[in-house]
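S.K.: Coordinates only, no sequence provided:
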């Protein structure tokens, strides 16, 4: 079995240099790192991370915290895709991933306390941001490194977070419907305890008020980010005396449920009602009709969150950062212009 001395000999460096390359020390040149890594690969040498962890008080692991139960979270393709991004960036820095979830907020909290107090991870990525989150308070109190995917509800500039401009994205996609001639536009949102839902609702509201359209409370429906919630919202909205001609749906998975219920009710998309959504998961392209949606670069959200937490772990004095990932509206067949604009497709 190859040793660190064998690697040093082949790469023509000192054993201490090999150790620094394994630790990805920034003081070692890229050329030397490449030479050492080639020698490690050639000799089949694998660092003993457990021994390293004991020596430098590091676990070389990142904790990932999911909202609600893993079963529900993984029903939404957002979470596997964001974790894929985290995994990619963590692998580049040779960090392992440790996942934590729970059926309730209390179980999630207890799981994170065990992770932190048991020194199982060096830092944590929270895959959600809620309005009143005692988990965030706990991590700040412990001065434990963490990054949020989303926008913190409080102290935004004191907590490192990776997010889209969800307010702006919702405003733009609502304006797209308004520019296409729609005036009766409803909003189907998720859990109002999540900051992303609040931001998207505010962006929708801003676009409606800027266009001097009436802001109708009966056009605002909140459900969970699941297909069933979308179906219930459709029944509620299309029981109104004046049902909407367009829907802004806060999540693609929910939008698929919306499309299914509209089909069951004999309401045509986009001829009778236009639908726009968020996230641009694969299901949005495969739905019938394909969904107009906001691409939020889910994979990139994951990559940047992992890079940020590793940077914070390796440089504890690093100031908090706000990283905004760009979004883009992907226009497909679920929208149609209405009224004077109907000659051009939305």
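M.R.: That came through fine. Nothing here was measured: the structure is a model prediction, and the numbers come from that model.
S.K.: C-alpha only now, for contacts and for neighbours.
M.R.: OK.
S.K.: next structured bit after the worst-scoring helix or strand of the chain on mean pLDDT?
M.R.: Every helix and strand in the chain was compared by mean pLDDT, DSSP states H and E; the lowest is helix 49-56, with a mean of 52. Using DSSP states H and E, the helix or strand that follows helix 49-56 towards the C-terminus is strand 61-65.
S.K.: what lines up beside that next one in the sheet?
M.R.: strand 96-100 (parallel), strand 123-126 (parallel) (DSSP bridges).
S.K.: Tell me the predicted confidence for residue 71.
M.R.: Residue 71 is assigned a predicted lDDT (pLDDT) of 56.
S.K.: With residue 191 instead?
M.R.: 84.
S.K.: what about it, which SS state?
M.R.: coil (DSSP: H, G, I helix; E, B strand; the rest coil).
S.K.: same question, residue 275
M.R.: Looking at residue 275 with three-state DSSP, the answer is strand.
S.K.: likewise residue 67?
M.R.: coil.
S.K.: shouldn't it be in contact with residue 128?
M.R.: Yes. If you go by C-alpha atoms under 8 Å, residue 67 and residue 128 touch, sitting 6.4 Å apart.
S.K.: Between those two, point out the one with more neighbours.
M.R.: Set residue 67 next to residue 128 and count neighbours by other C-alpha atoms under 10 Å: residue 67 wins out with 20 against 17.
S.K.: ok, that one to residue 173 distance?
M.R.: 26 Å (C-alpha to C-alpha, to the nearest Å).
S.K.: now swap in residue 139 and tell me
M.R.: In terms of C-alpha to C-alpha, residue 139 sits 35 Å off from residue 173.
S.K.: So which residues make contact with stretch 118-127?
M.R.: 58-67, 98, 115, 144-150, 305-306, 309-310, 313 (C-alpha atoms under 8 Å, 6 or more residues apart in numbering).
S.K.: Now it: buried residues?
M.R.: 120-127 (16 or more other C-alpha atoms under 10 Å).
S.K.: how about the strands paired with strand 61-65, which one is nearest residue 273?
M.R.: strand 123-126 (36.1 Å; C-alpha to C-alpha).
S.K.: now that closest one: mean pLDDT?
M.R.: Averaging pLDDT residue by residue across strand 123-126 gives 95.
S.K.: Pick out whichever of residue 139 and residue 173 has more residues nearby.
M.R.: Using other C-alpha under 10 Å as the criterion, residue 139 and residue 173 rank with residue 173 on top: 25 against 17.
S.K.: Please report the distance of the more buried one from residue 205.
M.R.: 12 Å.
S.K.: ditto for residue 11
M.R.: Taking C-alpha to C-alpha, one finds residue 11 at 62 Å from residue 205.
S.K.: what do you get for residue 159?
M.R.: In terms of C-alpha to C-alpha, residue 159 sits 27 Å off from residue 205.
S.K.: now swap in residue 163 and tell me
M.R.: 20 Å.
S.K.: Return the list of strands paired to the strand or helix carrying residue 188, each annotated with direction.
M.R.: Secondary structure assigned from DSSP H and E places residue 188 in strand 185-189. The strands beside strand 185-189 in its sheet (DSSP bridges) come out as strand 220-222 (parallel), strand 246-249 (parallel).
S.K.: ok, and which of those strands has the densest surroundings?
M.R.: strand 246-249 (a mean of 26; mean count of other C-alpha atoms under 10 Å).
S.K.: Pull the contacting residues for residue 221.
M.R.: 187-189, 233, 237.
S.K.: before we move on, what about residue 244?
M.R.: Neighbours of residue 244 in contact, by C-alpha under 8 Å, 6+ apart: 184-186, 219, 237-238, 273.
S.K.: Just flag the most distant two among these.
M.R.: 219 and 273 (13.8 Å).
S.K.: Now do the helices in this structure.
M.R.: Remark: helices assigned in the chain by DSSP state H are 4-11, 15-22, 30-43, 49-56, 70-73, 78-92, 105-117, 134-141, 166-179, 195-210, 227-237, 252-264, 282-286, 298-314.
S.K.: wait, which of those is closest to residue 155?
M.R.: Nearest of the helices of the chain (C-alpha to C-alpha): helix 134-141, 10.5 Å.
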